[in-house]
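Engineer: A predicted structure for the sequence below; I have some questions about it.
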Amino acid sequence: MKRIIVILAITFFIISLDVQGQHFPRYCLEYGENLVKNCEFNEGLNHWTPFIEAGSVDIRTIDGNECHTINHPCGYMSSAGGFVAGLYQQIPVNELAIYEANLQLLIYDSYDKDDGAVGRKIGLDPTGGTDPFSANIVWSPEVFNSLHKAGHKLVWEDLQIKATSQTNVMTVFIRVNNMARVSSPIYQFWIDEIGMIKIGEGQPLSPTHTSIPPTLTPVPSTATPLPTYTSLSTHTPSPTLISVPSPSPLPTNTPFPTPTLAHTSSPIPTETPTHTPAPTATPVHENIAIAEPHDKNTATVTSISATPSPTPSEQDNLMEWIIFGVICIVALGIFGVGSIALLYWLYRVGNQEESVS
């Protein structure tokens, strides 16, 4: 009788586990188009990759009646403390197609009997990435409450998620968040029957994705006036004006010293008649001062002063002044002789008047 009761209890427990998974399809066991490889963990962790976000946990496979099918392997996670970890698998898919994945069984054994101690969720990365922290992953709501209790074992509700693939690879993630609020010698988790199938084409997602570039394209157009602002750089003729004071016009100024010598020589003797040689040297010196910014020009000016061309004019001027001086001296001599003769005549006239009287 006891054996019958035990058999009935086990049968009821198994039926209860099966019933909790009947409200959505069992893709792993009942759908030939299931894309998840080794969905029952019959090959150990082949095709699956464990990941750990925090804490420490042992991830492997195990047989036992805790699995969805008695004496059949399933995924197994165990730890003596809190952790965040899981499994993922990359699956070849069609681009821009809709896929749905679900998890039939995920239970745990812990001394923490209250709900809210352990969170679990399933996710799909439409880009085929393997980073559990990626923002591209589409996660199901994280579930903390339990459906069935058997001692410390809590059977979780089924988890499912759908997403539209963006490449020819999609990644399915199973994630467990063990808060470990109550100390326990060991935390144990069983995971079984993970499946995924294609349920439609993802036409709706591609237009929403392509609508983004049109909104972005006007932004560069607003930025294009900035290149027109480079017209300020075309205002660079101002630097060309700086090149105008090139030394080229100064050499053209070199023919001017020749007329200035004849032009300046005439007024200078009027200022210093006695110092006639000095004026001839001073105009040359003035011309050198004008050409001082350029050493080559000064050399040419000195060479001009050494040419014999100006000396005839200077000699003519000197001769004129000499003649003028001689005339002045002769005039002064005549004036002196005349004045002496006049004085002598006055003297004789005075003596004659005295003798008459």
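Structural biologist: Happy to help now that I have it.
Engineer: distance between the ends of stretch 29-36?
Structural biologist: 11 Å (C-alpha to C-alpha, to the nearest Å).
Engineer: ok but residue 346 is inside a strand, no?
Structural biologist: No. Read with DSSP: H, G, I helix; E, B strand; the rest coil, residue 346 is helix and lies in no strand.
Engineer: which stretches of this structure form helices?
Structural biologist: 2-19, 27-30, 205-210, 212-216, 218-223, 225-228, 237-242, 249-252, 257-265, 267-271, 277-290, 295-305, 310-356 (DSSP state H).
Engineer: beta partners of residue 87?
Structural biologist: The bridge-partner assignment for residue 87, based on DSSP bridges, gives residue 50, residue 174.
Engineer: tell me the contacts of it?
Structural biologist: 45, 48, 49, 50, 51, 59, 75, 173, 174, 191 (C-beta atoms under 8 Å, 6 or more residues apart in numbering). C-beta here means a position set from N, CA and C on the backbone, and glycine is covered the same way.
Engineer: turn those residues into a markdown table, columns for pLDDT, neighbour count and distance to residue 331.
Structural biologist: Putting these into a markdown table (pLDDT from 0 to 100; neighbours: other C-beta atoms under 10 Å; distance: C-beta to C-beta, whole Å) gives the following:
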| residue | pLDDT | neighbour count | distance to residue 331 |
| --- | --- | --- | --- |
| 45 | 96 | 16 | 140 |
| 48 | 98 | 23 | 138 |
| 49 | 98 | 13 | 132 |
| 50 | 98 | 15 | 135 |
| 51 | 98 | 17 | 130 |
| 59 | 96 | 22 | 138 |
| 75 | 91 | 27 | 143 |
| 173 | 98 | 25 | 132 |
| 174 | 96 | 23 | 137 |
| 191 | 90 | 27 | 143 |
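Engineer: can you add distance to residue 162 and give those back as JSON lines?
Structural biologist: Converted to JSON lines, these look like this (distance: C-beta to C-beta, whole Å):
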{"residue": "45", "distance to residue 162": "25"}
{"residue": "48", "distance to residue 162": "21"}
{"residue": "49", "distance to residue 162": "22"}
{"residue": "50", "distance to residue 162": "24"}
{"residue": "51", "distance to residue 162": "22"}
{"residue": "59", "distance to residue 162": "26"}
{"residue": "75", "distance to residue 162": "22"}
{"residue": "173", "distance to residue 162": "14"}
{"residue": "174", "distance to residue 162": "16"}
{"residue": "191", "distance to residue 162": "20"}
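Engineer: and those residues, which is closest to residue 27?
Structural biologist: residue 174 (14.0 Å; C-beta to C-beta).
Engineer: wait, that closest one touches residue 74, no?
Structural biologist: No. When contacts are counted by C-beta atoms under 8 Å, residue 174 is not listed as touching residue 74 (11.9 Å).
Engineer: what's the longest strand in this structure?
Structural biologist: If you go by DSSP state E, the chain has its longest strand at strand 187-201.
Engineer: using CSV, list the CA coordinates for that one.
Structural biologist: The C-alpha coordinates for strand 187-201 follow below in CSV (Å, rounded to 0.1, in the frame of the first residue of the first chain):
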residue,chain,number,x,y,z
TYR,A,187,22.1,26.3,-3.7
GLN,A,188,21.1,24.0,-6.6
PHE,A,189,19.5,24.7,-9.9
TRP,A,190,18.1,22.4,-12.7
ILE,A,191,17.6,23.7,-16.3
ASP,A,192,16.0,21.6,-19.0
GLU,A,193,14.3,21.7,-22.5
ILE,A,194,15.3,25.0,-24.2
GLY,A,195,13.9,25.4,-27.7
MET,A,196,13.5,28.0,-30.4
ILE,A,197,11.6,28.1,-33.7
LYS,A,198,10.9,30.6,-36.5
ILE,A,199,7.4,32.0,-36.2
GLY,A,200,7.3,34.6,-39.0
GLU,A,201,9.1,37.2,-41.2
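Engineer: in that strand, what's buried?
Structural biologist: Of the residues in strand 187-201, 187, 188, 189, 190, 191, 192, 193, 194, 195, 196, 197 count as buried by neighbour count, 16 or more other C-beta atoms under 10 Å.
Engineer: do stretch 72-88 as well
Structural biologist: Those would be 73-79, 82-88, for stretch 72-88 by 16+ other C-beta under 10 Å.
Engineer: which two among those are spaced furthest apart?
Structural biologist: Once C-beta to C-beta is applied, the buried residues of stretch 72-88 give 73 and 82 as the farthest pair, at 26.1 Å.
Engineer: which residues sit in contact with residue 98?
Structural biologist: 162, 163, 164, 165, 198, 199, 200, 201, 202.
Engineer: closest one to residue 35 out of those residues, please.
Structural biologist: Set against residue 35, the nearest of the contacts of residue 98 by C-beta to C-beta is residue 198 (7.5 Å).
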